[in-house]
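Undergrad: got a structure for you, letters missing:
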């Protein structure tokens, strides 16, 4: 797998993160402001025109249709375009995942962009976060090739927008299948539970 | 439930959609350009400054912390802040859901912002879409109060970024539980299947 990525130094990683991180954060803040704005029609029209001008400048040189996973640093692929953890993806909160053996966790904040029922995180966004963090646990930080086979999500109560924690751990491994469990919690405890079965792809089985 | 929303006329709905729709679409396009840009550091810095200026203007008047579900038109709540279907939410693709009795479907396109593995939709984004469309089928277009109890998602193969279709239908109802099934498909067939159990909340049971 490593050969599919361009390996970059830690210094180059930091340079690119400093280049792209603040731009992406600015777009995240714009997303929130866009959802919640109540300004008048003229200001909205001016905003649209200004945004379209910025987009045109950023499109002067573009990666072809998707960002993919282009770099690796210190043996770990950098999923900068990823919808959950992508440093360069404004729709990603983004989650920063901490690893400790077969366990991992993340503390993060979800605002207006992630809403479903009023004041609550969209149930599907909970599933998105859990799918990702279970996959991180199963693949030990995306270093092992694994695909999600199935994931089951059980909603115990509504998850409020705001500060949240997600965690996951490998429960057991049977041949090509890895069984993982995880949760999302707010300050009062667990709101959503999930279990997933992750499967090693055929090409990786043959390479064992 | 209806009393929690402000009922607006079809004309007012169209006026607000024409006001906010193009702004939100411009932010969606900016998100894609941000992920994929390869322009130089100076252009990126200029873009960040311009975006922050737009955000400040949009923040001159804001809805308090979330958008919620504020309006209803013709008896149907308008989830404009919703993370999947929200006309005012730039992270929503957004899906337009078509209803026909207990069935519903949507055709949509997912680009770079929804990527997980290179070239493929993030598995969690598939779960997000399926959670939403199963909920739409179960609640008959969000007109019935229902919460997701559990959802199980089975990944048959990777879902390519691009044109996709999601559909869902009620399978059966047992007292307070509604059982729903759905799929995501690309041009070659089904990529992901899901089944969900949706539950009527206690306050709605008492009101029956």
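TA: Sure thing, it's come through. Owing to the predicted nature of the structure, the values given are computational and were not obtained by experimental measurement.
Undergrad: Residue A:73 bridge partners, please.
TA: Beta-bridge partners recorded for residue A:73 (DSSP bridges): residue A:76.
Undergrad: Nearest to the spatial middle of chain A, which residue is it?
TA: Centroid-nearest residue in chain A, with C-alpha atoms, centre = their mean: residue A:84, separated by 1.1 Å.
Undergrad: helix or strand for the nearest residue to that one once chain neighbours are set aside, which one?
TA: If the residues on either side of it in the chain are set aside, residue A:84 comes closest to residue A:132, at 4.1 Å by C-beta to C-beta, 6 or more residues apart in numbering or on different chains. C-betas here are computed from N, CA, C, even on glycine. When elements are assigned from DSSP states H and E, residue A:132 belongs to helix A:123-138.
Undergrad: Hey, what's the angle from that helix to helix B:123-138? Just curious.
TA: Going by axes from the mean of the first three to the mean of the last three C-alpha atoms, to 10 degrees, helix A:123-138 is angled at 150 degrees with respect to helix B:123-138.
Undergrad: Could you see whether chain B lies near the top helix by length along chain A?
TA: Longest helix of chain A, by residue count under DSSP state H: helix A:10-36. Yes: contact between helix A:10-36 and chain B, assessed by C-beta under 8 Å from any C-beta of the partner chain, occurs at A:19-20, A:22-24, A:26-27, A:29-31, A:33-36.
Undergrad: Mind putting those into CSV with pLDDT?
TA: Shown next, in CSV, are these (pLDDT from 0 to 100):
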residue, pLDDT
A:19, 94
A:20, 95
A:22, 98
A:23, 98
A:24, 98
A:26, 98
A:27, 98
A:29, 98
A:30, 98
A:31, 98
A:33, 97
A:34, 97
A:35, 96
A:36, 95
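Undergrad: In ChimeraX, how would I select the buried members of those residues?
TA: Only the buried members of these enter the following ChimeraX selection, criterion being 16 or more other C-beta atoms under 10 Å in any protein chain shown:
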select /A:20,23,24,26,27,29,30,31,33,34,35,36
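Undergrad: Look up how far residue A:156 lies from the residue nearest to residue A:84.
TA: 20 Å (C-beta to C-beta, to the nearest Å).
Undergrad: When those two are compared, which one has more neighbours?
TA: residue A:132 (29 against 13; other C-beta atoms under 10 Å in any protein chain shown).
Undergrad: can you pull out the strands in chain A?
TA: With strands called from DSSP state E, chain A shows them at A:6-7, A:71-73, A:76-78, A:98-100, A:103-110, A:147-155, A:162-174, A:177-186, A:189-199.
Undergrad: For residue B:67, which of those is the nearest?
TA: When those are compared by C-beta to C-beta, strand A:103-110 sits nearest residue B:67, at 13.4 Å.
Undergrad: That closest one pairs with which strands, parallel or anti?
TA: strand A:98-100 (antiparallel), strand A:162-174 (antiparallel).
Undergrad: hmm, back to that, the inter-axis angle of the longest helix of chain A versus helix B:10-36?
TA: Using the same axes, to 10 degrees: helix A:10-36 against helix B:10-36 is 180 degrees.
Undergrad: just checking, what packs against helix A:10-36?
TA: Helices and strands touching helix A:10-36, by 3 or more C-beta pairs under 8 Å, 6 or more residues apart in numbering or on different chains; DSSP states H and E, are strand A:71-73, helix B:10-36, helix B:41-58.
Undergrad: how about the residues of helix A:10-36 next to chain B in CSV, adding distance to residue B:122?
TA: Shown next, in CSV, are those (distance: C-beta to C-beta, whole Å):
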residue, distance to residue B:122
A:19, 24
A:20, 19
A:22, 24
A:23, 21
A:24, 17
A:26, 23
A:27, 18
A:29, 22
A:30, 22
A:31, 18
A:33, 25
A:34, 22
A:35, 21
A:36, 26
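Undergrad: residue at max distance from the center of chain A?
TA: Distance from the centre of chain A peaks at residue A:42, with 35.1 Å (C-alpha atoms, centre = their mean).
Undergrad: Can you give the domain ranges for chain A?
TA: According to the TED database, chain A comprises the domains A:1-90, A:93-206.
Undergrad: Poorly predicted segments of chain A, please.
TA: A:1-4, A:208 (pLDDT under 70).
Undergrad: From residue A:22, how far out is the closest residue to residue A:61 other than its chain neighbours?
TA: Distances taken as C-beta to C-beta, 6+ apart place residue B:38 nearest to residue A:61, at 4.2 Å, with adjacent residues excluded. Between residue B:38 and residue A:22 the computed distance is 17 Å (C-beta to C-beta).
Undergrad: for residue A:96, same thing?
TA: Distance of residue A:96 to residue A:22, computed by C-beta to C-beta: 16 Å.
Undergrad: same check, this time on residue A:93
TA: According to C-beta to C-beta, residue A:93 stands 16 Å off from residue A:22.
Undergrad: my guess is residue A:29 meets residue B:54, correct?
TA: No: using C-beta atoms under 8 Å, residue A:29 is not in contact with residue B:54; the gap is 10.0 Å.
Undergrad: which one of the strands paired with strand A:103-110 is the most hemmed in?
TA: strand A:162-174 (a mean of 17; mean count of other C-beta atoms under 10 Å in any protein chain shown).
Undergrad: Relative to the whole chain's centre, how far out is that one?
TA: How far strand A:162-174 lies from its chain's middle: 14 Å, per C-alpha atoms, centre = their mean, to the nearest Å.
Undergrad: do the same with stretch A:130-150
TA: 12 Å.
Undergrad: try stretch A:50-68
TA: 21 Å.
Undergrad: now the end-to-end length of it.
TA: Criterion C-alpha to C-alpha, to the nearest Å; first-to-last residue distance in stretch A:50-68 is 28 Å.
Undergrad: Also stretch A:143-160?
TA: Using C-alpha to C-alpha, the span of stretch A:143-160 from its first residue to its last is 32 Å.
Undergrad: hmm, that stretch touching chain B?
TA: Yes: residues of stretch A:143-160 contacting chain B under C-beta under 8 Å from any C-beta: A:147-155, A:158.
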